[in-house]
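Pasting a predicted model and its sequence here:
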Amino acid sequence: MWKPDLSKIVTAEQKAVEGRATLLSAYKAAFDAHLDAVAQERQYDSRLTIVSYKGSTNQQWNAEAEAYIPWRDAALAYMFAQLAAVEAGEIQPPSIEDFIAGIAPIEWPDA
């Protein structure tokens, strides 16, 4: 008589966990790319580069970093709130485009 190998059976719960992980990964990748693109609007290499200019002796670079950091923090808070709402079943998972579109635009300082 055939006996199934229980270690190879994938349950619906396991599929759901894997699906959430894949979705989370897609949102995170799009979010990081968006943060980089916003920094690149001002010729910085990435989100990591722009924040390194906080405290710069160049007033413009410092001002851009000081505008970027609180904007990034608000964007992160939005991301975590959206993902928590999806996880709790309060909202349907938005498309990546809608998810990114929900991030408030940055207000850059005058040049």
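That came through, no problem. Numbers count the residues shown, from 1 in each chain.

list the contacts for the spatially most central residue of the chain?
The residue lying closest to the centre of the chain (CA atoms, centre = their mean) is residue 31, at 2.9 Å. Contact analysis of residue 31 by CB atoms under 8 Å, 6 or more residues apart in numbering lists 75, 79, 99, 100. For the C-beta atoms, the positions are set from N, CA and C on the backbone; glycine is no exception.

tell me the two of those residues that are most distant?
Within the contacts of residue 31, 75 and 99 form the most distant pair, 11.0 Å apart (CB to CB).

Okay, and which of the contacts of residue 31 map to strands?
Among those, no member is found in strands (DSSP state E).

What is the nearest of those to residue 111?
residue 75 (22.5 Å).

where does the chain dip in pLDDT?
6, 17 (pLDDT under 70).

now the helices for it?
12-40, 47-51, 59-87, 96-101 (DSSP state H).

how close does residue 96 sit to residue 23?
In this view, residue 96 and residue 23 are 10 Å apart by CB to CB, to the nearest Å.

whoops, residue 80 was the one
14 Å.

Let me know whether residue 108 touches residue 66 as I believe.
No. Here residue 108 does not reach residue 66: they are 10.7 Å apart, not a contact under CB atoms under 8 Å.

rewinding a little: have a look at residue 80 and residue 23 and say which one is more surrounded.
Between residue 80 and residue 23, counting by other CB atoms under 10 Å, residue 23 is the more crowded of the two (15 against 10).

Near the residue nearest to that one when sequence neighbours are not counted, how many other residues are there?
With sequence-adjacent residues excluded and distances taken as CB to CB, 6 or more residues apart in numbering, residue 23 is closest to residue 93, at 6.1 Å. When neighbours are defined as other CB under 10 Å, residue 93 has 18 of them.

before we move on, the earlier item: out of the helices of the chain, which is the most enclosed?
Of all the helices of the chain, helix 47-51 carries the top mean neighbour count, a mean of 17, counting by mean count of other CB atoms under 10 Å.
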